[in-house]
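Peer 1: make a model of this:
(one chain, ligands or ions: 2)
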Amino acid sequence: MASLPGANPAWGIVLRADMDALPIHEANDFTHASCAHGIMHACGHDGHTVMLLGAARILMGMPQLPGSVHFVFQPGEEGGAGARKMIDDGLFEQYPTEAVFGMHNWPGLPAGHFGLRVGPIMAAGSRFRITVTGKGAHAAQPHLGLDPIPLACSMVLHCQTIAARHKDPVDPAVISVCMIHAGDTDNVIPDSAELRGTIRTLSSELQQKLQRDIRQMCEGLAAAHGAQAEVTFFQYYPATINTRAETALCEAVIRETFGDERTHADVPANMTSEDFGFMLEERPGTYVLIGNANAGTTAQSLHNPKYDFNDDIIPAGVQYWITLAQHYFRTRQQKSVSGA
Ligand SMILES: [Zn+2]
Ligand SMILES: [Zn+2]
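Peer 2: Ligands and ions are numbered 1, 2, ... in the order given. Predicted structure coming up:
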């Protein structure tokens, strides 16, 4: 956390970079590969930190801006909800903030190009655990028990039906059952089975509805067979929703600085999740994507053990942050003079 004070302390913006790595063993063998066993920067957050540090260094040597720029170096994006914790610790009270801005490198876009959209750009996510309890028995005497395995399997299939038939087809959602565990050997019907998975949606409303429907479906299926289902949801991140005015400002900055060819307005939303969504629940702002793929190549995807942050995009990322801060406060001053 660092702050560059502006002329008017009531005006402030947050520029945010996440910093954390992932528990992945790096499969690259170049000299800058991770030397920490089992930990690597597979999401490029080290690159995000470098770009924001570069912008801070340059802005500090420039004439004072009309408002303050708060440089947020945020831990715990990869599942730790670090953004939520910083907000709960008083981020916006200690550093008065009118708008928040984030950026993520994106292997699906050419290097140095930018993508953004008004509305949701990343999904709301939750995780679930379903424990199906029947009654254990000898594998050859199923009639003396209550086999939870066929029941758990039918719950997996019904989750796919919920994703396909319980919502408007143009409103995206993913329900993935990613773990299924039951039994320890081949001649015993186990007492219970456990399923785990995740739900991603572009709105909190649909997220809540799908959770309700999964609970109702699984509890109902279990009851129909005389078994029990315990369904537990763990809230992950809200959707990352870009506000209209701030996104228009970012688009203008990108278009003027990098040209129309490198500006991808209205990119499709992604079903990945991002804890910057917590900041956007509290303040207006915009999360943009910066392309990572060199011309004619496909960059390794995020979270892949062969991922490599493309250092060539650092100057563009630094330039974006600087121009955005300048442009934001220039527009802010005009609004203030016109009394808007
Ligand atoms: Zn990540
Ligand atoms: Zn990331």
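Peer 1: pull the residues that contact stretch 218-230.
Peer 2: Outside stretch 218-230, the residues that touch it by C-beta atoms under 8 Å, 6 or more residues apart in numbering are 130, 131, 132, 133, 134, 146, 148, 151, 154, 155, 158, 231. The C-beta positions use only the backbone N, C-alpha and C, and glycine is treated the same way.
Peer 1: most neighbours among the residues you listed, which one is it?
Peer 2: residue 132 (30 neighbours; other C-beta atoms under 10 Å).
Peer 1: assign residue 158 to helix, strand or coil.
Peer 2: Look at residue 158: counting by DSSP: H, G, I helix; E, B strand; the rest coil, its state is helix.
Peer 1: and stretch 128-138, how far apart are its ends?
Peer 2: Terminal residues of stretch 128-138 are spaced 30 Å apart (C-alpha to C-alpha, to the nearest Å).
Peer 1: ok so, going back, in TSV: the contacts of stretch 218-230, plus distance to residue 306.
Peer 2: Compiled in TSV, these are given as follows (distance: C-beta to C-beta, whole Å):
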residue	distance to residue 306
130	34
131	37
132	38
133	42
134	43
146	46
148	39
151	40
154	38
155	35
158	37
231	37
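Peer 1: ok, the residues you listed vs residue 272, which is closest?
Peer 2: Proximity of the contacts of stretch 218-230 to residue 272 (C-beta to C-beta) peaks at residue 130, which lies at 23.3 Å.
Peer 1: thinking again about what came up before, and of the contacts of stretch 218-230, the nearest to residue 301?
Peer 2: Checking the contacts of stretch 218-230 one by one against residue 301 (C-beta to C-beta), the nearest turns out to be residue 130, at 28.9 Å.
Peer 1: picking that back up, which ones among the contacts of stretch 218-230 map onto strands?
Peer 2: 130, 131, 132, 133, 231 (DSSP state E).
Peer 1: farthest-separated two in the residues you listed?
Peer 2: The widest separation within those (C-beta to C-beta) is 12.0 Å, between 133 and 231.
Peer 1: most centrally placed residue in the protein?
Peer 2: residue 274 (1.7 Å; C-alpha atoms, centre = their mean).
Peer 1: pretty sure it sits in a helix.
Peer 2: No - with three-state DSSP as the criterion, residue 274 is located in coil rather than a helix.
Peer 1: tell me the spacing between it and residue 227.
Peer 2: 38 Å (C-beta to C-beta, to the nearest Å).
Peer 1: longest single helix anywhere in the protein?
Peer 2: Assignment by DSSP state H gives helix 314-338 as the longest helix of the chain.
Peer 1: give me the buried positions along that one.
Peer 2: 314, 316-329, 332-333 (16 or more other C-beta atoms under 10 Å).
Peer 1: now swap in stretch 255-270 and tell me
Peer 2: 257, 258, 262, 263, 264, 265, 267, 269, 270.
Peer 1: do I have it right that the fourth one meets residue 255?
Peer 2: Yes - with contact defined as C-beta atoms under 8 Å, residue 263 and residue 255 form a contacting pair (4.8 Å).
Peer 1: longest strand in the chain, please.
Peer 2: strand 99-110.
Peer 1: tilt between it and helix 314-338?
Peer 2: Angle of strand 99-110 versus helix 314-338, following axes from the mean of the first three to the mean of the last three C-alpha atoms, to 10 degrees, is 140 degrees.
Peer 1: strand 99-110 pairs with which strands, and in what direction?
Peer 2: strand 12-18 (parallel), strand 285-293 (parallel) (DSSP bridges).
Peer 1: residues in contact with the helix or strand following it?
Peer 2: Moving toward the C-terminus from strand 99-110, the next helix or strand (DSSP states H and E) is strand 114-116. Residues outside strand 114-116 that contact it (C-beta under 8 Å, 6+ apart) are 106, 109, 242, 247, 250-251, 254, 258, 262-265, 267, 286-291, 316, 320.
Peer 1: do stretch 239-256 as well
Peer 2: Identification of contacts with stretch 239-256 by C-beta under 8 Å, 6+ apart yields 99, 101-102, 114, 116-124, 201-204, 207, 262-263, 265, 273-274, 276-277, 280, 284-288, 320, 323-324, 327-328, 331.
Peer 1: which parts of that stretch are buried?
Peer 2: 239, 240, 241, 242, 243, 246, 247, 249, 250, 251, 253, 254.
Peer 1: next one: stretch 168-183
Peer 2: Buried, per 16+ other C-beta under 10 Å, within stretch 168-183: 172, 173, 175, 177, 180, 182, 183.
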